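Novice: Turn this into a structure:
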Amino acid sequence: MDNLKKIVINRLHGINKNSSSINSVSRGGICYDKNLEANEMLELEFTTIEAWDEALWARMERIYHEAFPTGAKTKAILRSMLDRGIGYLHTGVHHGEVVAMAVTGLAGKAANRILIIDYLAVKQKLRGSGIGTWMLEQLRAWGLKEHGIKGMIIEAESGTTEAHQERIQFWQRNGFVLTSYVHQYRMVPEPYQAMMLPLDGNTDVPDDGEALFGYINAFHKAAYKRR
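Specialist: The predicted structure is shown next:
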């Protein structure tokens, strides 16, 4: 089985089997895709990357910019995050093609570790197929196993348009709780609200959510810090 896993990783990523870029692989995930023919299923593979891999980034980059055309962290910042060990890249792969990606980081002390989901994106034509939920399940399992996280946090753009509500409802369907506090960054025009998914009985979602931005702001500060 170990040899089979190495073959699969090499075939999908085109890297040396001893490369430190690949941290973990979860296989066997299946999602139904409404854009495919009836009853056709997507077999997905989840990978977490701790060290920068230029070839792999080239396969992820289009999805990243497709979902976040403006205001997202640059390639240089993302690479710096991985180089300094404060960020992770994750992919969902179908038959060798990257169809989903995520950027995460950790915040808080070891006893109260929180996973920050900085970005989560699914290939545009496959949105609504369940891949986003599948990616969240993989991130949760990885975070619990590798880092003993107590919860996951995202920040959602605050607003009342249909698009805003659809994004928030996606997170709510996946167990995230929307908090009431609206945070306004000095250099970003859009306001944001924190959403949290607690993962143990001792972790509560704050009433207004302002405290959650302590985790979020610490993560961003570290990400943008120059070496």
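Novice: Could you list the low-pLDDT ranges of the chain?
Specialist: For the chain, the stretches with pLDDT under 70 are 1-41, 227.
Novice: can you pull out the helices in the chain?
Specialist: Taking DSSP state H to define them, one finds helices in the chain at 2-13, 54-67, 75-83, 131-147, 162-173, 212-224.
Novice: Out of the ones you listed, which gets nearest to residue 112?
Specialist: Among the helices of the chain, helix 212-224 comes nearest to residue 112, with 9.4 Å by C-beta to C-beta. To be clear about C-beta, it is placed using only N, CA and C from the backbone, and glycine gets the same treatment.
Novice: List the contacts of the residue nearest in space to the middle of the chain.
Specialist: Nearest to the mean C-alpha position of the chain, by C-alpha atoms, centre = their mean, lies residue 102 at 3.1 Å. When contacts are counted by C-beta atoms under 8 Å, 6 or more residues apart in numbering, residue 102 touches 89-91, 117-121, 135, 139.
Novice: Would you mind giving the helices of the chain as JSON lines with distance to residue 190 and mean neighbour count added?
Specialist: Compiled in JSON lines, the helices of the chain are given as follows (distance: least, C-beta to C-beta, whole Å; neighbours: other C-beta atoms under 10 Å):
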{"stretch": "helix 2-13", "distance to residue 190": "35", "mean neighbour count": "13"}
{"stretch": "helix 54-67", "distance to residue 190": "15", "mean neighbour count": "16"}
{"stretch": "helix 75-83", "distance to residue 190": "19", "mean neighbour count": "17"}
{"stretch": "helix 131-147", "distance to residue 190": "21", "mean neighbour count": "18"}
{"stretch": "helix 162-173", "distance to residue 190": "10", "mean neighbour count": "13"}
{"stretch": "helix 212-224", "distance to residue 190": "14", "mean neighbour count": "17"}
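Novice: Could you give the number of residues near residue 69?
Specialist: A count of neighbours around residue 69, defined by other C-beta atoms under 10 Å, yields 8.
Novice: So residue 112 sits against residue 150, correct?
Specialist: Yes: counting by C-beta atoms under 8 Å, residue 112 does reach residue 150; the two are 5.7 Å apart.
Novice: Compare those two and say which is more crowded by neighbours.
Specialist: When residue 112 and residue 150 are compared for neighbours, residue 150 comes out ahead with 18 against 14, by other C-beta under 10 Å.
Novice: May I have the beta-bridge partners of the residue nearest to residue 45 when sequence neighbours are not counted?
Specialist: In space, and not counting its chain neighbours, residue 45 is closest to residue 93: 4.6 Å by C-beta to C-beta, 6 or more residues apart in numbering. Beta-bridge pairing for residue 93 (DSSP bridges): residue 45, residue 98.
Novice: show me the contacts for residue 93.
Specialist: Each residue near residue 93 by C-beta under 8 Å, 6+ apart is listed here: 12, 44-47, 99.
Novice: Let me know the distance separating residue 84 from residue 160.
Specialist: Note on residue 84: its distance to residue 160, by C-beta to C-beta, to the nearest Å, is 38 Å.
Novice: more neighbours, these two?
Specialist: Set residue 84 next to residue 160 and count neighbours by other C-beta under 10 Å: residue 84 wins out with 12 against 6.
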